[in-house]
Structures are given as C-alpha cells and as structure tokens.
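>>> Got a sequence here, can you build the structure:
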Amino acid sequence: MNIKSLNPLLTSVALAGFIGVGDVAVRSFTPQFQSVAIAEAMPSKKAQTEMPSEKTEAAKHIEIITKNKGQIGGGDQLRRWFFGDLMPLGVQPGGAGMVVSLYSKTHDVTFSYCATYDVVVAVKKGRVVTFPAKEVK
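From the prediction side, this is the model:
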C-alpha cells in the first residue's frame with residue numbers, strides 16, 4: 001500500500017481532530033467560554049419545572065409500576081424509567097429474602113424492590129424506610 005494514496009484521507013482526519021481538540025481546549029481553559037458550555041450542557045431548573053408533560057409522564061410510570069407490582073419484570077421498568085434517580089433507604093426482610101427501599105427524590109415516591117425475582121413489591125408516596133411486613137411479603 002502506498003502512503004501517498006492515503007495522504008488526503010489522513011490529512012482530513014488530522015484536520016478534523018485538531019479542530020475538535022482545539023474547540024474543547026478553548027472552552028475548557030477560557031473562563032468566559034466555560035459558563036456558556038456548562039449552560040448549554042445542563043438544562044435550567046426553570047425549564048425543568050415548566051414541563052408539565054414530564055410530570056404527567058412520571059406519574060403515568062409510577063401508576064404502571066404500582067399496577068404491575070408483584071409481577072416479574074417490574075424491576076426492569078423501575079430501572080428504565082427512574083435511572084439515576086433512585087437512592088437506597090433501607091433493607092428489610094420480605095419477598096424472597098430481602099427487599100430494598102428505593103426513594104426517588106425527584107418524584108417523592110418510595111419503591112420496595114426484590115432483586116431475587118426482579119419485582120417491585122410495594123409503592124408509597126413520600127420517603128418510607130421500612131414498609132409494613134404484610135406489604136412486602
């Protein structure tokens with residue numbers, strides 16, 4: 001293979017790489033561009049609170065999970081719809097051994113999750129560390 005035939009391809013790849021690295025370097029080392037880059041990357045709190053469709057969608061997801069509690073695969077729905085939003089509060093006996101109480105601070109709801117069968121066994125509004133024993137068995 002002749003290197004001269006690859007010369008135009010290598011030149012264009014190198015040029016694109018230099019432009020990309022240069023853009024990142026300018027935005028990360030120049031303070032006036034840092035705030036602009038951060039503002040572009042993160043949506044504002046005002047924009048998040050003004051989206052009523054997002055809240056209704058989350059309410060629909062919570063309703064579906066509540067309706068499907070005790071059915072295999074409910075944990076998959078929980079992980080898909082509340083990815084990165086769940087905080088563990090506690091562990092208690094129930095399900096097929098132990099269940100974990102997972103709290104969504106954004107939506108103020110607690111889910112009790114059994115990892116053995118991948119099911120949500122209980123759902124309550126608010127922050128609940130331990131559910132009543134009859135709900136999680």
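>>> Would you agree residue 125 is in contact with residue 103?
No - look at residue 125 against residue 103 with Cβ atoms under 8 Å: they stay out of range, at 11.0 Å. Yep, even glycine has a C-beta here, placed from its N, CA and C like the rest.
>>> Give me the common contacts of those two.
By Cβ atoms under 8 Å, 6 or more residues apart in numbering, residue 125 and residue 103 have these common neighbours: 109, 110.
>>> who's more crowded, these two?
Each of residue 125 and residue 103 has its neighbours counted (other Cβ atoms under 10 Å); residue 103 has more, 20 against 10.
>>> List the beta-bridge partners for that one.
Under DSSP bridges, the beta-bridge partners of residue 103 are residue 87, residue 110.
>>> if I pick it, what's in contact with it?
86, 87, 88, 89, 109, 110, 111, 127, 128.
>>> same deal with residue 118?
If you count contacts by Cβ under 8 Å, 6+ apart, then residue 118 has 72, 73, 74, 75, 76 around it.
>>> Show me just the buried residues among those residues.
74, 75 (16 or more other Cβ atoms under 10 Å).
>>> Please report which of the contacts of residue 103 has the highest neighbour count.
residue 111 (27 neighbours).
>>> Apart from its chain neighbours, what residue comes closest to residue 73?
Spatially, and ignoring its direct neighbours in sequence, residue 73 is nearest to residue 118 (6.5 Å; Cβ to Cβ, 6 or more residues apart in numbering).
>>> ok, back up a step: adding distance to residue 10 and pLDDT, write the contacts of residue 118 out as TSV.
Converted to TSV, the contacts of residue 118 look like this (distance: Cβ to Cβ, whole Å; pLDDT from 0 to 100):
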residue	distance to residue 10	pLDDT
72	53	85
73	50	82
74	52	86
75	49	87
76	46	89
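>>> Out of the contacts of residue 118, flag the one nearest to residue 5.
Using Cβ to Cβ, residue 76 comes nearest to residue 5 of these, at 50.6 Å.
>>> List phi and psi for the closest one.
phi -60, psi -40 (degrees, to the nearest 10).
>>> can you tell me how far the nearest residue to it once chain neighbours are set aside sits from residue 72?
Excluding its sequence neighbours, the residue lying closest to residue 76 (Cβ to Cβ, 6+ apart) is residue 118, at 6.5 Å. Distance of residue 118 to residue 72, computed by Cβ to Cβ, to the nearest Å: 6 Å.
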